[in-house]
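**Student:** Below are the sequence and a predicted model for it; my questions follow.
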Amino acid sequence: MIEFLSVTKALSDESRARLLMALAGGELCVCQLVELVGLAPSTVSKHMLILKQARLVEGRKCGRWIFYRLAKRNVPQISLSAQKWIGKSLRDDPTILRDRSRRAKILELDAEELCRKQSRRTVRKLPSTTGERPRQSDSLN
């Protein structure tokens, strides 16, 4: 029952469905996922945690980068079935088709530069209680 509820919770959000469908095309880093869905890195990370808890995706850390892909090892049948179902159900959805096109363009970008760009954006958005500009190390990435 817990696995069922975890999977249904994971699939009940449009952003998580979009992220899951993006990973059907292969592994992506968090920066690429952020660029695709246009959400804050912390929001994307929270969505990915929910997908990971449902065992729909798996992640690996490489230095400061985190890469996600569809789960393939030691995956409960309900999660595998959910992956197939969402893939079949949303294959021709207009939002997913746009995301597929954007994904291809994002893959053409230099991933390191993309992460740096997002990091600079995050630093500028952080509030400062002292009136000083936040340091680069204060970014979330």
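**Tutor:** Good, I have the coordinates.

**Student:** Tell me how far the residue nearest to the spatial centre of the chain lies from Leu5.
**Tutor:** Here the mean C-alpha position of the chain is nearest to the C-alpha of Leu33 (CA atoms, centre = their mean), at a distance of 4.4 Å. Distance, Leu33 to Leu5, using CB to CB, to the nearest Å: 24 Å. Where you see a C-beta, it was placed from the backbone N, CA and C, and this is true even at glycine.

**Student:** Check which helices and strands whichever strand or helix holds Phe67 is in contact with.
**Tutor:** Under the criterion of DSSP states H and E, Phe67 resides in strand 65-70. Judged by 3 or more CB pairs under 8 Å, 6 or more residues apart in numbering; DSSP states H and E, strand 65-70 is in contact with helix 14-23, strand 28-29, helix 30-37, helix 41-53, strand 57-62.

**Student:** tell me the angle of the longest one relative to helix 14-23?
**Tutor:** Our comparison of helix 41-53 with helix 14-23, counting by axes from the mean of the first three to the mean of the last three CA atoms, to 10 degrees, yields an angle of 70 degrees.

**Student:** picking up where we left off before, once you drop chain neighbours, what's closest to the residue nearest to the centre of the chain?
**Tutor:** In space, and not counting its chain neighbours, Leu33 is closest to Val44: 5.2 Å by CB to CB, 6 or more residues apart in numbering.

**Student:** So the one you found is in contact with Cys29, correct?
**Tutor:** No - taking CB atoms under 8 Å as the definition, Val44 is not a contact partner of Cys29, at 10.6 Å.
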